[in-house]
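Participant: sequence and predicted model, in that order:
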Amino acid sequence: MQNFKITFILLLFALSIELNAGVDNASALWLTFQDATNQNADLVMLDIQIDSTAESTYYAPINFSGGYCGLQDHGDERTLHFSLWHHREGEGSDAKLIWRGYHVDADPNFSEGIGGVKTTRTYNWNVDSTYRLLIKYRHGQYQGQDGAFRDFWFYNFAEQKWFHMATIWRSDKEGQKEYPTDIGSFIEDFGRSKERYRSYFLFNTAKKYYGSNDWLFYTKAKYSKNKDDFEHANGKVIDNKFHLATGGDFIPDNPTPSGTILEVDKPSITPDRPGLQNIQVDNVNDTTMKVSWEYENKLWAAQEYFEIRVYSDESMNNSVYSTGRMYPHDYDPSPLHEKDDRFYQLSHREYELGGLNLEKDKKYYLRLITRSIFGYNSWNNDPVVLQNYTSIDQDIRKSDDFRINAIYPNPFNPKTTIEYSLPQRS
């Protein structure tokens, strides 16, 4: 009887090993980017191109201290994802959702790991298309605590548009400021469907040094996998891009050993000032004006904040009004976006100036200053002329002498004529 009990326990142990091995074989591949400088950064970015996908796959191009962001394939839908964990288990007060974009779902108490904040957005990303992902850090207080704001941005190269997905703040850990210095990337089969093949390219991986416009482009990354005998996986360099592949019948001819340093050539990209264009001002009433603007260089036009100033002189020396720096969470109440079917925030390019007190028949001059998340300021050198609402051609703007003549033959015919009259300036 004792021999039977020992044999049964051994069988269960062997079965447990086999099941766990199956889970491990369907897990993750990693790239850890090598940074010889070890200098602090306030921004990290890279480009991703998924060349083959499968259900239950998480492509996480940017994995940083305490969080990650990327794209997911759930089979019935595809999403964008940005998560940040708490520092301490059970505290529930370290990570805070500050702002979220159009149709972004937020879970401020998600249970992965020790818990934190998770944001997701349904987005039908495409295989073989190129996207840019970016995490921006900005140190600052929230509710009296020191910490850092983290913004997740997503760029669609085909549409030439940025999407600001969310801003999540987290307190400093033990009084130490955090920077996204050490970053990595991974591809994970969270559904354990190892029979399906998935792969992606990573390139133009870079970080911007904190407090400057100097950039480091990562050219080396350490490849690793969760298990040495994981045959259906590989990491290598193809066309000067990092490439990870796993699952299905894929077995590489020359597998790369886990721990190998992969290297690419330095990319030839130069972050630049986006430049402003088409600044327009529309009068709403005597105290309110709507200002809108566009950017010349769309690729570098991810807007961190803007400031609008109004001057009483054409040389723009005597300021009479200023919005101050306006970040999205300062002026855009994102929960109200749920009824809007737009994906990209138009509110990042327009703003209503309220509480103006402009003298009648006097000209004022507007300057718009914007800052991109890449650290470049843009502004208009030529002033935009403003005038009080009641000063602008009141006879044309509003008329009491408006008439509609008789409709003929009648309004129910297939073709009806409507005549109207307006006063004409003599």
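Facilitator: That came through, no problem.

Participant: from residue 247, how far off is the most centrally placed residue in the chain?
Facilitator: The centroid of the chain falls nearest to residue 153 when counting by C-alpha atoms, centre = their mean (1.6 Å). Taking C-beta to C-beta, to the nearest Å as the measure, residue 153 falls 29 Å from residue 247. Placement of C-beta: from N, CA and C, glycine included.

Participant: and if you look at residue 281?
Facilitator: 55 Å.

Participant: more neighbours, these two?
Facilitator: Shown here are residue 281 and residue 247; by other C-beta atoms under 10 Å, residue 247 has more neighbours (22 against 18).

Participant: surely that one meets residue 191?
Facilitator: No - with contacts counted by C-beta atoms under 8 Å, residue 247 stays clear of residue 191, the gap being 10.7 Å.

Participant: residue ranges with poor pLDDT in the stretch 301-426 of the chain?
Facilitator: Low-confidence segments of the stretch 301-426 of the chain (pLDDT under 70): 329-348, 391-426.

Participant: please apply the same query to the chain.
Facilitator: Filtered on pLDDT under 70, the chain yields the residue ranges 1-27, 88-93, 113, 192-194, 227-230, 329-348, 391-426.

Participant: what segments of it are helices?
Facilitator: Along the chain, counting by DSSP state H, helices occupy 2-25, 328-331, 394-397.

Participant: may I see the buried residues of stretch 239-248?
Facilitator: Neighbour counts over stretch 239-248 (16 or more other C-beta atoms under 10 Å) mark 241, 242, 243, 244, 245, 246, 247, 248 as buried.

Participant: which of the residues you listed fall within strands?
Facilitator: Residues of the buried residues of stretch 239-248 located in strands (DSSP state E): 241, 242, 243, 244, 245, 246.

Participant: between those, which is nearest residue 148?
Facilitator: When these are ranked by distance to residue 148 (C-beta to C-beta), residue 242 comes first, at 27.4 Å.

Participant: so who does that closest one touch?
Facilitator: By C-beta atoms under 8 Å, 6 or more residues apart in numbering, residue 242 lies in contact with 31, 185, 201, 202, 203, 205, 221, 235, 262, 264.

Participant: kindly state the beta-bridge partners for the closest residue to residue 84 other than its chain neighbours.
Facilitator: Nearest residue to residue 84, sequence neighbours excluded (C-beta to C-beta, 6 or more residues apart in numbering): residue 67, at 3.9 Å. Counting by DSSP bridges, residue 67 forms beta bridges with residue 64, residue 84.

Participant: neighbours of residue 67, just the number please.
Facilitator: Using other C-beta under 10 Å, residue 67 has 22 neighbouring residues.

Participant: from residue 56, how far off is it?
Facilitator: From residue 67 over to residue 56 the distance is 21 Å, taken as C-beta to C-beta.

Participant: the stretch 301-426 of the chain: strands as residue ranges?
Facilitator: All strands of the stretch 301-426 of the chain, identified by DSSP state E, counting those that start in this stretch, fall at 303-311, 319-322, 350-353, 363-372, 377-379, 384-387, 403-404, 420-421.

Participant: kindly reformat these as CSV containing distance to residue 82.
Facilitator: CSV is the format used below for those (distance: least, C-beta to C-beta, whole Å):
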stretch, distance to residue 82
strand 303-311, 17
strand 319-322, 32
strand 350-353, 25
strand 363-372, 20
strand 377-379, 26
strand 384-387, 36
strand 403-404, 54
strand 420-421, 53
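
Participant: mean neighbour count and distance to residue 111 added to these, as CSV?
Facilitator: Below are these laid out as CSV (neighbours: other C-beta atoms under 10 Å; distance: least, C-beta to C-beta, whole Å):
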stretch, mean neighbour count, distance to residue 111
strand 303-311, 20, 32
strand 319-322, 14, 44
strand 350-353, 16, 38
strand 363-372, 20, 36
strand 377-379, 16, 41
strand 384-387, 17, 50
strand 403-404, 9, 64
strand 420-421, 9, 64
